[in-house]
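> whatever this is, show me its structure:
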Amino acid sequence: MGRLEPVAFGFDHESAGLQEAAILNARFIGLSAQELVARSLEEIFPGKIALVSSFGAESAVLLHVVASIDRHVPVVFVDTLRLFPETLAYRDALADRLGLTDMRTVKPEPEKLASVDPYKALWMTDADACCHVRKTEPLARAMEGFDAWFTGRKRFQAATRAAIQSFEQDGARIKVNPLASWGVDELKAYMAEHNLPPHPLVAQGYPSIGCQPCTSKVKPGEDARAGRWRGLEKTECGIHLGLENDGSGI
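From the prediction side, this is the model:
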């Protein structure tokens, strides 16, 4: 297939974004994860796309796919200041292993934290607000200047993700989900084939890893994300809902 003209973005309305996402899904249907990443980097969003990674349980796969094509892609990591120490160590080790050259760690604004979460206990009374100030807002700042971002979301992970496609409208940007159709077996096989190190907490019973206060071990037979916000009617941190719709009152 010959080189395609870059797709122009910069939506003024949500409907325009939905239309662009639908066009992209139709135009690039059937591509492998590697092909989807390559096309996004070279033809669709050249110089205008970042990889957002939590460096969680399954993050190594997408990071490796992207780094294998271009290890200079900006990689955005949100340090909520409530993460497991193991996650921070894993970030550093994996970034070094993959040769990532543009790691961008962003954190919540100290003044905002002092105002809304001075005792680091907001998660106990309003988990949505805690995610908003510690994760959604920092990511929004980090994404300024980008037209799109890679995510590692997959359909099997949760009911809220069961219908995700390769391209999704996300306000004024497009989310690219190269691994949307992948299952657990494919992830394990890829990790083994490329000898990728697992997150150290996976072996300790944490198949899905977020902030330390809101992540618990998962019992045998439970859903992999059962340990996230256990006991709450909450399945997403907010970054995939958008600043306007993340459930926060802030």
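
> tell me how far L81 lies from A121.
Computed as Cβ to Cβ, to the nearest Å, the L81 to A121 distance reads 13 Å. Just so you know, the C-beta spots here come from the backbone N, C-alpha and C atoms, and that holds for glycine as well.

> meant to ask about A127, not that
For A127, the distance to A121 - Cβ to Cβ - is 11 Å.

> compare these two (neighbour count), which wins?
Legend: neighbour count by other Cβ atoms under 10 Å for A127 and A121, higher for A127 (21 against 10).

> list phi and psi for the residue nearest in space to the middle of the chain.
Nearest to the geometric centre of the chain sits T151, at 4.1 Å (Cα atoms, centre = their mean). Backbone geometry at T151, expressed as degrees, to the nearest 10, gives phi -120, psi 160.

> mind listing what it touches?
52, 175-177, 240 (Cβ atoms under 8 Å, 6 or more residues apart in numbering).

> so of the residues you listed, which ones are in strands?
52, 175-176 (DSSP state E).

> quick one: which of those is most hemmed in?
Greatest neighbour count in the ones in strands among the contacts of T151, by other Cβ under 10 Å, goes to V176: 27 neighbours.

> so it sits against Q165, correct?
No - applying Cβ atoms under 8 Å, one finds V176 not in contact with Q165, separated by 10.0 Å.

> quick one: the helices in the protein?
Ranges of helices in the chain, per DSSP state H, are 14-27, 33-39, 59-69, 85-98, 110-116, 122-125, 127-131, 137-142, 184-193.

> could those go into TSV alongside mean pLDDT and distance to P46?
Below are those laid out as TSV (pLDDT from 0 to 100; distance: least, Cβ to Cβ, whole Å):
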stretch	mean pLDDT	distance to P46
helix 14-27	75	15
helix 33-39	97	10
helix 59-69	98	13
helix 85-98	98	21
helix 110-116	96	34
helix 122-125	94	39
helix 127-131	93	32
helix 137-142	95	19
helix 184-193	96	26
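
> hmm, back to that, now, which of the ones in strands among the contacts of T151 sits nearest L139?
Proximity of the ones in strands among the contacts of T151 to L139 (Cβ to Cβ) peaks at V52, which lies at 6.7 Å.

> quick one, what contacts S208?
So S208 contacts 56-57, 157, 215, 218, 224-225, 227-228 (Cβ under 8 Å, 6+ apart).

> no no, L51
Contacts of L51 (Cβ under 8 Å, 6+ apart): 62-63, 66, 73-76, 149-150.

> ok, now E109?
137-138.

> how about the nearest residue to A180, chain neighbours excluded?
Closest residue in space to A180, ignoring its immediate chain neighbours: I164 at 5.1 Å, by Cβ to Cβ, 6 or more residues apart in numbering.

> next one: that neighbour relative to A22, how far apart?
Taking Cβ to Cβ, one finds I164 at 14 Å from A22.

> neighbour-wise, which of the two wins?
Comparing I164 with A22 by other Cβ under 10 Å, the one with more neighbours is I164, at 19 against 13.

> for A158, report the pLDDT, please.
pLDDT recorded at A158 is 64.

> OK, contacts around Y190?
Neighbour list for Y190: 61, 64, 196 [criterion: Cβ under 8 Å, 6+ apart].

> over to F146?
48-50, 74, 173.

> change it to 10 Å
If a contact means Cβ atoms under 10 Å, 6 or more residues apart in numbering, then F146 has 45, 47-50, 52, 74, 76, 172-174 as its contacts.
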